[in-house]
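> Would you be able to build a 3D model of this:
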Amino acid sequence: MKKLIQFELRKLCAARLTQAAFLTLLLLSALLGFSTYQNMYAFDGNSREGTGRAAVEIDQSIAENYGGLLTDEKVRRMMEAFQPTQDLHGMHAAYLYQNALQSALFCNFSDSNGNWNGLSVSDVFGTEEIQIGYTYGWLKTSQNMVKLLILSSFAAAMITAPIFSGEYEGVDQIILTSRYGKTKCSTAKVIAGSFTALFLTTVVSAVNLIYAFVLYGSSGLGCSILFAPADFSEAYIPFNLTCGTLLQYQILLAFTGTLGITGITFALSAVCKNPMLSLAASAAVYFFPVMLPVPETSPLFKFLTLLPIYHAQFVSLMSIGQCSGSVLYAQLAVPAALLLMGAGIFISRRVFAKHQVS
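Residues are numbered from 1 along each chain as shown. A predicted model of the protein is given here:
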């Protein structure tokens with residue numbers, strides 16, 4: 001069995017498609033992370049202004065001055081420090097960006113002119129305790145990872161699409177079956193395909209997290225995502241999570257999404273007699289849910305978010321709400337992924353067994 005798994009792994013790793021997928025995702029991770037870092041901008045409201053590394057240092061310096069638990073007194077101090085000095089020309093102050101902390105402040109506590117809107121911390125966040133600090137770099141990393149993990153899941157489908165369908169035109173599998181048995185051969189393919197797909201997700205996640213740690217440090221991982229710049233104030237996760245917890249959920253859902261689409265691809269690879277056909281079918285199944293005109297208020301949308309592409313996209317799945325008390329709805333992605341994987345393994349083994357004995 002061990003030799004069979006090694007044989008299937010070598011076939012997958014030697015495939016140009018697999019090598020191209022790994023290299024492309026690593027290159028995109030580096031380019032996207034570098035581009036985000038270089039485009040950072042910050043102005044402290046007095047004399048320091050910069051982009052790239054300088055911007056990150058300015059933002060982190062400001063965060064050190066005001067970091068910790070968000071209080072009403074701290075809000076008033078920050079509102080005084082970041083009072084706009086320029087003419088906004090009718091633009092609401094919530095859309096003014098000088099630095100990450102100022103943007104988060106104005107999104108929650110500013111009127112249209114940049115003055116305090118009279119709201120207290122409890123008025124805005126209720127009973128939640130909001131830890132503030134430099135979160136912008138990590139939130140940008142999470143945003144970038146959405147794109148990369150969607151591509152990573154699709155790449156997993158590309159890699160595993162030929163795993164069964166690629167055997168229909170050859171005799172290698174029949175020879176191996178006669179020696180090891182059809183059950184062992186199918187199992188080896190499933191193990192090798194699953195390992196390669198999950199390893200790809202692991203590499204993409206690890207590379208981006210390490211890169212972000214080098215660029216932004218770890219200080220913001222314990223801070224709330226709710227007190228965030230305008231880019232994230234409305235369209236991201238509505239719960240009081242720390243950046244670290246957010247990334248844990250995101251990576252968990254990346255793995256469940258990979259498991260789900262890999263299971264689907266196993267089934268389609270066994271059913272289709274051609275690798276390109278199985279890839280096209282897998283891609284259609286993967287991307288089709290986001291093309292459906294289903295509003296987020298529809299009960300059907302909650303079902304759609306349990307499909308693999310929404311695991312990688314993760315924002316919609318995390319934003320739906322809570323069920324069963326304190327259990328996030330997103331946690332249902334785990335049994336959903338296992339169900340898809342289990343069904344994929346069952347179908348692929350049954351269908352491919354007919355080819356093995358024919």
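
> In terms of secondary structure, what does the helix or strand containing residue 185 contact?
According to DSSP states H and E, residue 185 maps onto helix 182-216. Helices and strands in packing contact with helix 182-216 are listed as helix 2-14, helix 16-38, helix 136-160, helix 162-165, helix 172-180, helix 243-271, helix 333-357; criterion 3 or more Cβ pairs under 8 Å, 6 or more residues apart in numbering; DSSP states H and E. Yep, even glycine has a C-beta here, placed from its N, CA and C like the rest.

> Name the residues that touch the last one?
By Cβ atoms under 8 Å, 6 or more residues apart in numbering, the list of residues contacting helix 333-357 from outside reads 164, 167-168, 173-174, 177, 182-183, 185-187, 189-190, 194, 252-253, 255-257, 259-267, 269-271, 306-308, 311, 317.

> Give the PyMOL command for selecting the buried subset of those residues.
For anyone working in PyMOL, the buried entries among the contacts of helix 333-357, judged by 16 or more other Cβ atoms under 10 Å, can be selected with:
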select buried, resi 164+167+168+173+174+177+182+185+186+187+189+190+194+252+253+255+256+257+259+260+261+262+263+264+265+266+267+269+270+271+306+307+308+311+317
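
> Can you give me the domain assignment for the chain?
If the domains of the chain are taken from automatic domain parsing, they occupy 2-36+136-353, 40-132, with pieces of a single domain joined by a plus sign.

> Does residue 127 fall in a helix, a strand, or a coil region?
Residue 127 carries the three-state label coil when classified by DSSP: H, G, I helix; E, B strand; the rest coil.

> which of the domains of the chain is buried the deepest?
With neighbours taken as mean count of other Cβ atoms under 10 Å, the domains of the chain reach their highest mean count in domain 2-36+136-353, at a mean of 19.

> Give me the residue ranges of the stretch 251-358 of the chain where confidence is low.
321-327, 354-358 (pLDDT under 70).

> Worst mean pLDDT among the domains of the chain?
Summarising mean pLDDT across those, the least confident stretch is domain 2-36+136-353, with a mean of 87.

> chain center to stretch 32-41: distance?
Its chain's C-alpha centre and that of stretch 32-41 lie 18 Å apart, by Cα atoms, centre = their mean, to the nearest Å.

> next one: stretch 277-288
Its chain's C-alpha centre lies 20 Å from the corresponding centre of stretch 277-288 when counted by Cα atoms, centre = their mean.

> One more: stretch 257-272?
Stretch 257-272 sits 20 Å away from the centroid of its parent chain (Cα atoms, centre = their mean).
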